[in-house]
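# Dropping the sequence and predicted coords here.
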There are 2 protein chains.
Amino acid sequence: MADTTHPFSQLSVEEIRTTAAIVSKLHPDANLIFKSITLAESAKAATLRYLEAEHRGLETRPNVDRCSFVAYYKKGHDILHEALVDLSTKQPVSNKALDRLLHGPGDLEEGVMIEVAVKKDEQVRRELENLQIPDPDLVVIELWIYGSDGKNDERRQYQCYMFSRDVNNPSEQDSNHYAHPLPISPVVDVMAGRVIRVDYLPTGSDHKASPPKPFKAQPANEYIPKYHKLRQDLKPLRVLQPQGASFQIVQDFPGIHLVTWQKWRFRVAFNSREGMVLYDVRYDGRPLFYRISLSDMNIPYADPRAPFHRKAAFDLGDAGTGLTANNLKLGCDCLGSIFYLSAVLSSSTGGVIEKPNCVCIHEHDSGIGWKHTNYRTDNAFVTRARELVLQSIMTVANYEYILAFHFTQAGDVNYEVRATGILSTQPIDEGLQVPWGTVVHPGVLAAHHQHIFSLRLDPMLDGYKNRVIYEEARPMDRDPVLNPYGTGYYTQSTVIQNSAILNETNKCPVGYKIMVPDFQKMVAEEGSFHNKRAEFADHNIYVTKYRPNQLYAAGQYTNQSRCGHGARTWSKSGDNVADEDIVVWVQCGINHVPRIEGFPVMPVEIIKVHLRPVNFFNMNPAIDVPPSTQETNQSCQISIGSLKL
Amino acid sequence: MADTTHPFSQLSVEEIRTTAAIVSKLHPDANLIFKSITLAESAKAATLRYLEAEHRGLETRPNVDRCSFVAYYKKGHDILHEALVDLSTKQPVSNKALDRLLHGPGDLEEGVMIEVAVKKDEQVRRELENLQIPDPDLVVIELWIYGSDGKNDERRQYQCYMFSRDVNNPSEQDSNHYAHPLPISPVVDVMAGRVIRVDYLPTGSDHKASPPKPFKAQPANEYIPKYHKLRQDLKPLRVLQPQGASFQIVQDFPGIHLVTWQKWRFRVAFNSREGMVLYDVRYDGRPLFYRISLSDMNIPYADPRAPFHRKAAFDLGDAGTGLTANNLKLGCDCLGSIFYLSAVLSSSTGGVIEKPNCVCIHEHDSGIGWKHTNYRTDNAFVTRARELVLQSIMTVANYEYILAFHFTQAGDVNYEVRATGILSTQPIDEGLQVPWGTVVHPGVLAAHHQHIFSLRLDPMLDGYKNRVIYEEARPMDRDPVLNPYGTGYYTQSTVIQNSAILNETNKCPVGYKIMVPDFQKMVAEEGSFHNKRAEFADHNIYVTKYRPNQLYAAGQYTNQSRCGHGARTWSKSGDNVADEDIVVWVQCGINHVPRIEGFPVMPVEIIKVHLRPVNFFNMNPAIDVPPSTQETNQSCQISIGSLKL
């Protein structure tokens, strides 16, 4: 099997099924719930030898182990297991039960099962009757990962928030139920498969939650177009690529795509947790990154009151970018000439989940790339900045994240997040305001929250031994000879845990600059579970020595996690990280103080991280981009007369 | 004249010429050098009455004074004068000589005159001979505003830096001379019209500047396409708008354009100093801004040594965005259906300078605007974010700035700056490195510098009395009842100099949020001339009470300025700025530590300021944008087979 796959090939349908069968045989008396069946990436040293052979064009390449990683439960039991299966020998390599405080993520089948359990629960029915909901069939259940507070949170549970669709428009299946939150919240024990209590939600300005008052139907607040008078004055804008796209995509091995575009060459794969993963990223033949992916995100909420104090989702670790990825639609989610990548993921029963069109690959025009006019000759030279975009969109219940890698012609790799979708809401007494949220509709509170993302970079800038330096500009001391006017400043570089690398030729720091927009770090206090669990959310950058099983910034298992697994913990190892094989964890985020303009659906909020070469190349890498010309671009000049006045 | 113009109409050709003639008559014995002949905006109270009548649709509108502002010199004298001319009565309203330390900006004719003076100067010729330049005809002179250091800088002077085109390719007029800086720098007294000394430049690592060694020809480093093997694999990407653009542009009065697009309505004008100015900006009929413009920028350099310690350009105050604006070319500087706006500016002789196509107005697609998928029904609703772009490009000798206002469908106004062009260079001894710059080519140093921009906002958010508040998210104190787990946080608003405005309905701060990327403030020490002169470069935001003659953040006259005029000084007035007619000065910037990838021409460096509604509208303003469909967008799906493998 190793001969016909690449080390980065994701598991095939057959490999997923084979793995499930092999692990199932270990427990002949149990039904298994598979939380994850995914590629166990082979040892880095072996993979690097393989890549060396690949880039030297050798047909014969070193053998690389091919294993699958499995996380599973025995049905009805609350102990998570991990196994490793050798796909060549078809034998289990390891199999173990984990600590009872470690929990696997949610999965689609489990979600359906829990919704059913809540709907038919007697206590829930009684509470809905007490609420005098006009139509219980309109009630919508939204599953929330339980979170942790150290109190009765050892078993795996869900906190369910409840909503009603618009009671005055019962046939509308896409009614925005977030405009009608209910004040009750059932808690489900997952292994028992039943509701264990129903919490009342505090709807006032203090922590008290009394048995709720009867439901009051509020006006609808719909986001779907048919309830709005749409603008009539938006004319079509099309992107035309008459000679097709400039990129090339090859599937030389199953489960992996090789992308080449404008001197870039990399592989892209797609897994359940991280969604898109880039491997072996090179520019003009020079290696830059061994692996890049979004590693996790955390969304802690500001409302201090139970049960909201546990709202702190890890949308990758608890759910998965891949698992929740949208099936992208031609002409809706992007413009121009588009290649769609599809993937298969594992299901909880050991089968597969098809993810068609989960990544779109296309180019876009990003405005002017560079320009200069020599005013003496009046000759202007201008190029446009074409970018290659790899985009994937995840829907995690209310929220959408549009995740994209952008490659530029100037050697930059950028990562863009667009947050959109619908605010997570809760009921609030009418007329009331609270300082931890915004009232976005009568009786509807959207609590403040943060979105904190962690991008994992495994660099190999001309080699896999790298270092991180930070550079600061400082005013020069006033000096009667050298700085007599106090105008001077200089840059100072500090190497993380070692002395400075200098480029042999020009004695300047060499490499890639991480440009990450400043953001508010985790606001919740240091000792809180929010803060302890999100082991990346307190710094822009963490640097750790590469270790094979450290792929996710908040640890392998985030569901009801405590702490002690993740970038913060790993960074305390004392490892030397200068001129070593290192991993850089780059954080960015939004402090989302909701505004009324974010309801009933949010205009995108954009964050962008740039990775930009600094003294790595010998000149502007985009110097050879052909000039922008009307002959190629065929723009259209309009005059006042041609506009309808 | 007032009947046939709008209060925001810029001066016509006739008005410029009339003004020049009226002012010239005040000095029958002198020739005048006009530094500025521009609209003196009428009193705000009167203009607001006019706007009220305009928006009520009244044909008869209050009379508004129409005056022109003039700054001028008598030829051969170093005292700047200011005059105000009433264009209705054709009479001078005021005329005065200014303090001898105030200096007007450069102008095109002056620049030509000085280049000629330097070229023919005997001492300069001797120095070039000593340098043994192979071909003096290839020498290029670059004029720099002299800057201030308090030493012999009272008269108006220029510091000229000198370069050579590639001596091995003498016929190339567009050779990148910044790759060949010369170590001599003539200083010109402007009024005398002649070189008063030739400075030697320090080329070592200390302050010493000795008579230079003979010129050594270095390899060329050209940016123009013909010297590069261009990429062959970039396919055309065209923007097609088959039904034309969605905006409408009306010239209902001369000298001003009225733009309407997607519920936006504003006027745009163009002047010599600020370039684009937006007036009377409204969304869905609600007033937002009385006036928005870029007000100034400062570029202080890090090299502490004379004469570089005076390199600190004010590219608006010393030169002018409008005066240096590019003539934009169809299909090169933007894509799609484009409207070009042209303008006339005053010349130094009292005539006009035509500025054809100095602003382009077009739409672009900015990716997904909002999206939500209801996972229960699998129905996805997605819109694309169309934006209206007003773009102008200025060339200030080596640098280009691409300046653009972006209007969104969600009520945002954004301001984007793209810095490109060529680094300002100086000679450095081969093999040497200095901490205040980067060696980008053999013998060529690009010193560190900052670009600090000041955007002037004159808001009228539902009225011209406004306030600025800042909002901070803070962790809530731990409290056994309300915040028992320490997870809570809240927002706290502080009003600048007064108590909080609250929206009547929802008790939330109401208005527009200023989202400005963090940047390194002026690095040069507080007491330095760099720091003192750039009266805006030390804070993200200044707030001042509106005063009619405070339009420019570093004062009316920046050329060789000292300090005492500008936002910092005005902010010390002690004025109440809460619920007053206020002006908000928003700063952003880049600390430009040059990298080799920025030579011989820089890939764009982008900064973006967002003005975003917060609880100002009742819901997402883009809720009524029609969904994105393949029928409209006509994208093209490509498969692996269709790509050339």
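Arrived safely.

# remind me which residues of the stretch 401-550 of chain A are low pLDDT?
The stretch 401-550 of chain A contains residues with pLDDT under 70 at A:497-509.

# Would you pull up the residue in it closest to chain B?
Proximity of the stretch 401-550 of chain A to chain B (CB to the nearest CB) peaks at A:G488, 2.7 Å away. Every C-beta, even on glycine, is put in place using the N, C-alpha and C of the backbone.

# check contacts around that residue.
Contact partners of A:G488, counting by CB atoms under 8 Å, 6 or more residues apart in numbering or on different chains, are A:P475, A:M476, A:L482, B:A302, B:D303, B:P304, B:R305, B:H309, B:W436, B:A524.

# how about 7 Å then?
Applying CB atoms under 7 Å, 6 or more residues apart in numbering or on different chains to A:G488 gives the contacts A:M476, B:A302, B:D303, B:P304, B:W436.

# Tell me which two in those residues are the farthest apart.
Spatial extent of the contacts of A:G488 (CB to CB) is set by the pair A:M476 and B:D303 at 9.9 Å.

# A:Q556 sits in which helix or strand?
Assigned by DSSP states H and E, A:Q556 belongs to no helix or strand.

# Pull the number of nearby residues for the closest residue to it other than its chain neighbours.
Setting aside the residues directly before and after it, A:Q556 is nearest to A:H565 in space (CB to CB, 6 or more residues apart in numbering or on different chains), at 6.5 Å. A:H565: 20 surrounding residues under other CB atoms under 10 Å in any protein chain shown.

# More neighbours: which of A:M476 and B:D303?
The neighbour comparison of A:M476 against B:D303 (other CB under 10 Å) goes to B:D303, with 25 against 20.

# I'd guessed the more buried one sits against B:A447; true?
Yes: the criterion here is CB atoms under 7 Å, and B:D303 meets it with B:A447 at 4.3 Å.

# Stretch A:607-626 and chain B, any residue contact?
Yes: using CB under 7 Å from any CB of the partner chain, we find that stretch A:607-626 touches chain B at A:613-615, A:617-626.

# Can you measure across that stretch, start residue to end residue?
End-to-end distance for stretch A:607-626, by CA to CA, to the nearest Å: 30 Å.

# can you give me the offset of that stretch from its chain's centre?
25 Å (CA atoms, centre = their mean, to the nearest Å).

# Please apply the same query to stretch A:216-229.
The answer for stretch A:216-229 is 30 Å, by CA atoms, centre = their mean.

# what does that stretch rub up against?
Contacts for stretch A:216-229 (CB under 7 Å, 6+ apart): A:166-169, A:174-176, A:179-180, A:422, A:441-443, A:599-601, B:372, B:381, B:623-624, B:626-627.

# Could you pick out the buried ones from those?
Burial by neighbour count, 16 or more other CB atoms under 10 Å in any protein chain shown: within the contacts of stretch A:216-229 this picks out A:166-167, A:174-176, A:179-180, A:422, A:441, A:443, A:599-601, B:372, B:381, B:623-624, B:627.

# Just those residues: which are in strands?
Among those, the residues falling in strands (DSSP state E) are A:H441, B:H372, B:F381.

# would JSON lines of those residues with distance to B:Y72 be doable?
Below are those laid out as JSON lines (distance: CB to CB, whole Å):
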{"residue": "A:H441", "distance to B:Y72": "60"}
{"residue": "B:H372", "distance to B:Y72": "60"}
{"residue": "B:F381", "distance to B:Y72": "60"}
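
# circling back to that earlier point, is the residue nearest to A:Q556 in a helix, a strand, or coil?
coil (DSSP: H, G, I helix; E, B strand; the rest coil).

# if I read this right, it contacts A:G555, doesn't it?
Yes: when contacts are counted by CB under 7 Å, A:H565 is listed as touching A:G555 (2.8 Å).

# Let me know whether stretch A:309-329 sits next to chain B.
Yes: Stretch A:309-329 lies within reach of chain B by CB under 7 Å from any CB, at A:H309, A:N326.

# Could you give the average pLDDT over that stretch?
The average pLDDT within stretch A:309-329 is 97.

# quick one: contacts for A:L316?
A:L316 is in contact with A:R273, A:E274, A:L294, A:D296, A:M297, counting by CB under 7 Å, 6+ apart.

# Could you rerun that using 6 Å?
A:R273, A:D296, A:M297 (CB atoms under 6 Å, 6 or more residues apart in numbering or on different chains).

# Contact residues of the stretch 351-500 of chain A facing chain B?
The stretch 351-500 of chain A comes close to chain B at residues A:365, A:368, A:370-375, A:377, A:379, A:381-382, A:395, A:400, A:402, A:410, A:420-422, A:433, A:435-436, A:438-439, A:473, A:475-476, A:481-483, A:485-491, as judged by CB under 6 Å from any CB of the partner chain.

# could you pull out the helices for the stretch 501-645 of chain A?
Counting by DSSP state H, counting those that start in this stretch, one finds helices in the stretch 501-645 of chain A at the ranges A:529-533, A:567-571, A:630-633.

# Show me how far the last one is from its chain's centre.
I take that to be helix A:630-633. With CA atoms, centre = their mean as the basis, helix A:630-633 stands 38 Å off its chain's centre.

# got the buried residues for that helix?
Per 16+ other CB under 10 Å, helix A:630-633 contains these buried residues: A:T632, A:N633.

# quick one: is it near chain B?
Yes: Helix A:630-633 reaches chain B (CB under 6 Å from any CB) through A:Q630, A:T632, A:N633.

# For that helix, give me every contacting residue.
Outside helix A:630-633, the residues that touch it by CB under 6 Å, 6+ apart are B:P236, B:L330, B:G331, B:L335.

# again, 7 Å this time
The contact list for helix A:630-633 (CB under 7 Å, 6+ apart) reads B:P236, B:R238, B:L330, B:G331, B:C332, B:L335.

# and A:N130, that one's in a strand?
No: with three-state DSSP as the criterion, A:N130 is located in helix rather than a strand.

# Which residues are in contact with the spatially most central residue of chain A?
For chain A, the residue nearest the mean C-alpha position is A:L294 (5.0 Å; CA atoms, centre = their mean). Neighbouring residues of A:L294 by CB under 7 Å, 6+ apart: A:E274, A:G275, A:L316, A:T321, A:L403, A:F453, A:L455.

# swap in A:Q157?
By CB under 7 Å, 6+ apart, the residues touching A:Q157 are A:Y146, A:V187, A:V188, A:D189, A:V190.

# Of those residues, which are in range of chain B?
Okay, of the contacts of A:Q157, nothing touches chain B (CB under 7 Å from any CB).

# so of these, which ones are in strands?
A:V187, A:V188, A:D189.

# Please convert the buried members of those residues into PyMOL selection syntax.
In PyMOL, this line selects whichever of the ones in strands among the contacts of A:Q157 come out buried by 16+ other CB under 10 Å:
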select buried, chain A and resi 187+188+189
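
# Which member of the ones in strands among the contacts of A:Q157 is positioned nearest A:N531?
Nearest to A:N531 out of these is A:V187 (CB to CB; 23.5 Å).

# measure the closest one to A:V124 for me?
Distance, A:V187 to A:V124, by CB to CB, to the nearest Å: 11 Å.

# what do the two both touch?
Common contact partners of A:V187 and A:V124 (CB under 7 Å, 6+ apart): A:V195.

# Dump the contacts of A:Q157 to JSON lines, plus distance to A:V70 and pLDDT.
Converted to JSON lines, the contacts of A:Q157 look like this (distance: CB to CB, whole Å; pLDDT from 0 to 100):
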{"residue": "A:Y146", "distance to A:V70": "24", "pLDDT": "95"}
{"residue": "A:V187", "distance to A:V70": "29", "pLDDT": "98"}
{"residue": "A:V188", "distance to A:V70": "25", "pLDDT": "97"}
{"residue": "A:D189", "distance to A:V70": "24", "pLDDT": "96"}
{"residue": "A:V190", "distance to A:V70": "19", "pLDDT": "95"}
